[in-house]
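Novice: fold the following for me, if possible:
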Amino acid sequence: MRLRATTVVAVRRADSWAIGSDGQVTLGEMAVKHGAVKVRPLAGGQVLAGFAGGVADALSLFEKFEGHLERYQGHLRRAAIELAREWRRDRVLRRLDALLLVVGPDALLTVSGAGDVIEADGEAAAIGSGGGYALAAARALCARTALTAAEICRDALHLAGELCIYSNDHITVLTGGAKEANDGGESLPA
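Specialist: Below you'll find the predicted structure:
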């Protein structure tokens, strides 16, 4: 049986950014955990990252990515490109089953083991089984409201949790950037 299911969404607005995820972990056809945390701050909180896929794989990738962030002095795009390159070329890493979503002051990127580093169109990006629902909601909220990045993440995740059977409404949101838009991040079981 394979662990699957998640929804991770990230939003960049003006000089603030946020990333959030649901908390459901599914094994086969059964939800085995409801409050997993799939997002974390990196580089002293300047970069926020979330994962979809195997937990052990994602934790390995977080460590590798943080090493690249340190090596390239926090430059998000360069670190993401180097991670994707290493992930694709390394015999052990290329077997890892995960996607990363990373956001910081200068970029919002999806990183895969196939060597992809995809910069988001607009202010939002999402990954995981409920990612399409969350992305649609986040784009609509970005276009039609003045909500903060964190508020958009929360609202988009709530909607995805209602629609995707592999997502729930135990939401964790982390924030970065401008002080007035930074609510410090929080975990919100609904």
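Novice: so the closest residue to Ala5 other than its chain neighbours, which state does it fall into?
Specialist: In space, not counting the residues next to it along the chain, Ala5 is nearest to Tyr166; the distance is 3.2 Å by C-beta to C-beta, 6 or more residues apart in numbering. Where you see a C-beta, it was placed from the backbone N, CA and C, and this is true even at glycine. Under DSSP: H, G, I helix; E, B strand; the rest coil, the three-state class of Tyr166 is coil.
Novice: I figured Tyr166 was touching Gly132, is that so?
Specialist: No: using C-beta atoms under 8 Å, Tyr166 makes no contact with Gly132, being 11.8 Å away.
Novice: give me the more crowded residue out of those two.
Specialist: Neighbour tally, Tyr166 and Gly132, criterion other C-beta atoms under 10 Å: the higher count belongs to Tyr166, 18 against 15.
Novice: from the chain's centre, how far out does the helix or strand hosting Ala134 sit?
Specialist: Following DSSP states H and E, one finds Ala134 within helix 131-144. Distance of helix 131-144 from its chain centroid, counting by C-alpha atoms, centre = their mean, to the nearest Å, is 14 Å.
Novice: tell me the buried residues in it?
Specialist: Buried residues in helix 131-144, defined by neighbour count with 16 or more other C-beta atoms under 10 Å: 131, 133-139, 141-142.
Novice: and stretch 27-47, by the same measure?
Specialist: 31, 36, 38-40, 42-43, 46-47.
Novice: got the confidence number for the residue sitting nearest the centre point of the chain?
Specialist: Nearest to the geometric centre of the chain sits Gly50, at 3.0 Å (C-alpha atoms, centre = their mean). pLDDT for Gly50: 96.
Novice: ok, it - contacts?
Specialist: 8, 10, 19-21, 38-40, 100-102, 127 (C-beta atoms under 8 Å, 6 or more residues apart in numbering).
Novice: helix or strand: which one has it?
Specialist: strand 47-53.
Novice: check which helices and strands the helix or strand just after that strand sits against.
Specialist: Per DSSP H and E, the first helix or strand lying C-terminal to strand 47-53 is helix 55-71. Counting contacts by 3 or more C-beta pairs under 8 Å, 6 or more residues apart in numbering; DSSP states H and E, helix 55-71 packs against strand 39-42, strand 47-53, helix 76-89, strand 98-103.
Novice: need the ones you listed in CSV (columns: distance to Leu174).
Specialist: Formatted as CSV, the helices and strands packed on helix 55-71 follow (distance: least, C-beta to C-beta, whole Å):
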stretch, distance to Leu174
strand 39-42, 5
strand 47-53, 5
helix 76-89, 15
strand 98-103, 9
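Novice: and of these, who's closest to Gly113?
Specialist: Evaluated over those, closeness to Gly113 peaks at helix 76-89, with 4.6 Å, by C-beta to C-beta.
Novice: extract the C-alpha set from the closest one and format it as CSV.
Specialist: Output of helix 76-89 as CSV, limited to C-alpha atoms (Å, rounded to 0.1, in the frame of the first residue of the first chain):
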residue,chain,number,x,y,z
LEU,A,76,15.4,30.4,-3.8
ARG,A,77,15.5,29.9,-7.6
ARG,A,78,19.1,28.8,-7.7
ALA,A,79,18.6,26.4,-4.7
ALA,A,80,15.5,24.9,-6.4
ILE,A,81,17.3,24.4,-9.7
GLU,A,82,20.3,22.7,-7.9
LEU,A,83,17.9,20.5,-5.9
ALA,A,84,16.0,19.4,-9.1
ARG,A,85,19.3,18.7,-10.8
GLU,A,86,20.6,16.6,-7.9
TRP,A,87,17.2,14.9,-7.4
ARG,A,88,17.1,13.8,-11.1
ARG,A,89,20.7,12.7,-11.4
